[in-house]
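K.L.:
how does the following fold in three dimensions:
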Amino acid sequence: DCRQYTNRSCEECLKNVTCLWCASSRRCMEYPVRRILPPADLCELHSARWGVCWVNFEALIIAMSVVGGTLLIMLGVCCCCCCCKKKSKKQVLGGAFLSTRPDKDDERAAREREKRRVRQEERRAEMKSRHDEIRRKYGTV
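P.N.:
Predicted structure coming up:
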């Protein structure tokens, strides 16, 4: 029974995990397990101690709120960074939309290189035939 530790020390009361220490009234009582926080008529939050004597419920709530808020903000920032990163990978070049997947980008780049190589070879052959015609016309061959 927790009431036997009333008017003793907080440490003695809290050795039993089911006990709640109220510092203002120096009472040790059963923790109201049906409620998350002890009601104000039982003990005010700034005087209530549970688990350890050096943390009151008010400070615990504030600390948990700050930590939870910080985690939510960090999660939001990470989501925004990931979304922005994906958007920046998508590019529009020459009116053609390039996919963010590297294999598609590599395939497209390889096809374009091959097309350029083929066009260059066609131009070389055309220029060679023109030069040969000019040489024949002027008899330099």
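K.L.:
point out where the chain drops to low pLDDT.
P.N.:
For the chain, the stretches with pLDDT under 70 are 87-102, 141.
K.L.:
for this protein, which helix is longest?
P.N.:
Secondary structure of the chain per DSSP state H: the longest helix is helix 102-138.
K.L.:
look at residue 8 and say how many residues are nearby.
P.N.:
12 (other CB atoms under 10 Å). For glycine as for every other residue, the C-beta is placed from the backbone atoms N, C-alpha and C.
K.L.:
spatially nearest residue to it (excluding sequence neighbours)?
P.N.:
In space, and not counting its chain neighbours, residue 8 is closest to residue 28: 7.1 Å by CB to CB, 6 or more residues apart in numbering.
K.L.:
what are the ranges of the helices in the protein?
P.N.:
Counting by DSSP H, the helices of the chain are 10-13, 57-89, 102-138.
K.L.:
grab the most central residue of the protein for me.
P.N.:
Here the mean C-alpha position of the chain is nearest to the C-alpha of residue 78 (CA atoms, centre = their mean), at a distance of 3.3 Å.
K.L.:
coming back round to it: what bridges to the residue nearest to residue 8?
P.N.:
Under DSSP bridges, the beta-bridge partners of residue 28 are residue 21.
K.L.:
isn't it up against residue 3?
P.N.:
Yes: counting by CB atoms under 8 Å, residue 28 touches residue 3, with 6.5 Å between them.
K.L.:
follow-up on the earlier one: roughly how far apart are the residue nearest to residue 8 and residue 114?
P.N.:
Using CB to CB, to the nearest Å, residue 28 is found at 83 Å from residue 114.
K.L.:
re the thing from before, check the gap between the residue nearest to residue 8 and residue 40 for me.
P.N.:
Using CB to CB, residue 28 is found at 18 Å from residue 40.
K.L.:
looking at the two, which is more packed in?
P.N.:
Applying other CB under 10 Å to residue 28 and residue 40 shows that residue 28 carries more neighbours, namely 24 against 9.
K.L.:
for the more buried one, give me its contacts.
P.N.:
2, 3, 4, 5, 6, 8, 12, 13, 19, 20, 21, 22 (CB atoms under 8 Å, 6 or more residues apart in numbering).
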